[in-house]
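Enquirer: Next input, structure requested:
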Amino acid sequence: MNMQEIRKIAKDFDIKTAKLAKTDLIKQIQKAQGHFDCFATPLMGECDQMGCMWRSDCLPAPKKQAAAH
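Expert: Predicted coordinates:
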């Protein structure tokens, strides 16, 4: 999901989007939805949150972050 789409979802929850990175913004949305703010944190690519709308973006995220460091 691109940032424009994520910002639109955030605004639906009255979340201010300025200066937030994608990961932090998604975590704020997760909290507003009543879920764990766990985006980009699954260990070893495993996640038990099958109904999460961020799942397809989330699972590859930790690998990308690790490669950047």
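Enquirer: in this protein, what spans have low per-residue confidence?
Expert: By pLDDT under 70, the weakly predicted segments of the chain are 44, 60-69.
Enquirer: which residues of it fall in helices?
Expert: All helices of the chain, identified by DSSP state H, fall at 3-12, 22-32, 55-58, 61-68.
Enquirer: roughly how far apart are Phe13 and Gly45?
Expert: Distance, Phe13 to Gly45, by Cβ to Cβ, to the nearest Å: 28 Å. The C-beta positions use only the backbone N, C-alpha and C, and glycine is treated the same way.
Enquirer: thinking again about what came up before, of the helices of the chain, which is nearest Cys38?
Expert: helix 22-32 (6.9 Å; Cβ to Cβ).
Enquirer: and the angle from the closest one to helix 3-12?
Expert: Interaxial angle of helix 22-32 relative to helix 3-12 (axes from the mean of the first three to the mean of the last three Cα atoms, to 10 degrees): 30 degrees.
Enquirer: shift numbering so it begins at 401
Expert: Right, with 401 as the first residue, what we last looked at is helix 422-432.
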